[in-house]
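1. Got a predicted structure here, sequence first:
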Amino acid sequence: MALTLYYHPLASFCHKVLIALYEHGTHFERRIIDLGSPAERTELQAIWPLTKFPVIRDHERGRDVPETSIIIEYLDRFYSGEGRLIPDDWDKALEVRLWDRFFDNYVHGPMQEIVADSFRPVRRDLASERAALATAYRMLDERMATRAWAAGQEFSMADCAAAPALFYASTLVPFGPESAHLHAYFERLMARPSVVRVLDEAKPYFSMYPFAKDIPQRFR
């Protein structure tokens, strides 16, 4: 097998890369890493000293590739299927990269801060993170009124980022009735075969998520 993915099925950023792999139909070997295991943590640290997953190891090219957006760029270059997740056209590609960063920084980021706080012995005020999600939702609702996917009419890397970010964020700050366009976009994402597959694989691990009770029953 040319590729090995070091990941965990529950991790939202791992979902982003899995969606890209399934979109391309790329074959890969799975290496699930339990960060609670000293041995597995050391194994990941030897590949990427920051001890963050996902990481892709390309055995044919002798290269380890970390960071989700970089991994997807790499897959698009060397392991793409019939379609591309980043267009060749520069303007369209820039739009994809912009909205990929939007989801990672302004949806995924606040979401992970709220989840991380649930593990702290002393909770802090998370009003700013929840407000950031509400602002992101408003921006996305306006944007999705005129397009099928985040960066246009074709599914792209931006949508790979959107699916896990919105899935977990919506369990913390649900979409309001004023977010009809965002909700419709979310439903398109959840119906995408690659996303369905990723969430099905995550099901056995959902009980580990601190807000598991807020995951809609249809996904459990």
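-> Good, I have the coordinates.

2. okay but Ser69 is in contact with Phe102, surely?
-> No: with contacts counted by Cβ atoms under 8 Å, Ser69 stays clear of Phe102, the gap being 11.7 Å. Just so you know, the C-beta spots here come from the backbone N, C-alpha and C atoms, and that holds for glycine as well.

3. Give me the residues contacting the helix or strand hosting Pro110.
-> Assessed by DSSP states H and E, Pro110 sits inside helix 109-117. Applying Cβ atoms under 8 Å, 6 or more residues apart in numbering, the contact partners of helix 109-117 are 12, 123-124, 126, 129-130, 132-133, 136, 165, 168-169, 172, 209-211.

4. remind me which residues of this structure are low pLDDT?
-> For the chain, applying pLDDT under 70 flags the ranges 1.

5. May I have the secondary structure class of the residue of the chain most remote from its centre?
-> The centre of the chain is farthest from one residue, Val122, which by Cα atoms, centre = their mean lies 27.9 Å away. Following DSSP: H, G, I helix; E, B strand; the rest coil, we place Val122 in the coil state.

6. give me phi/psi at it?
-> Main-chain torsions, Val122, degrees, to the nearest 10: phi -120, psi 120.

7. The residue nearest to Ile32 when sequence neighbours are not counted - how many residues pack around it?
-> Distance criterion Cβ to Cβ, 6 or more residues apart in numbering; nearest residue to Ile32, sequence neighbours excluded, is His8 at 5.9 Å. Other residues near His8 come to 20 when the count uses other Cβ atoms under 10 Å.

8. measure His8 to Tyr22 for me?
-> 17 Å (Cβ to Cβ, to the nearest Å).

9. Equivalent analysis for Ala11, please.
-> For Ala11, the distance to Tyr22 - Cβ to Cβ - is 16 Å.

10. go on, Arg120?
-> 34 Å.

11. Neighbour count: these two, which is higher?
-> Taking other Cβ under 10 Å, Arg120 and Tyr22 do not tie; Tyr22 has more neighbours (19 against 8).

12. so what's that one up against?
-> Counting by Cβ under 8 Å, 6+ apart, Tyr22 touches Pro193, Ser194, Arg197, Val198.

13. do that again at 10 Å, thanks
-> Gly81, Cys160, Arg192, Pro193, Ser194, Val195, Val196, Arg197, Val198, Glu201 (Cβ atoms under 10 Å, 6 or more residues apart in numbering).

14. before we move on, what about Cys160?
-> Counting by Cβ under 10 Å, 6+ apart, Cys160 makes contact with 15-23, 68-69, 72, 85, 96, 100, 103, 150, 189, 192, 194-195, 198.

15. can you tell me which residues contact the most centrally placed residue in the chain?
-> Centroid check for the chain by Cα atoms, centre = their mean gives Lys16 as the closest residue, at 3.2 Å. Lys16 makes contact with 54, 68-69, 71-72, 100, 103-104, 108, 157, 159-165, 198, according to Cβ under 10 Å, 6+ apart.
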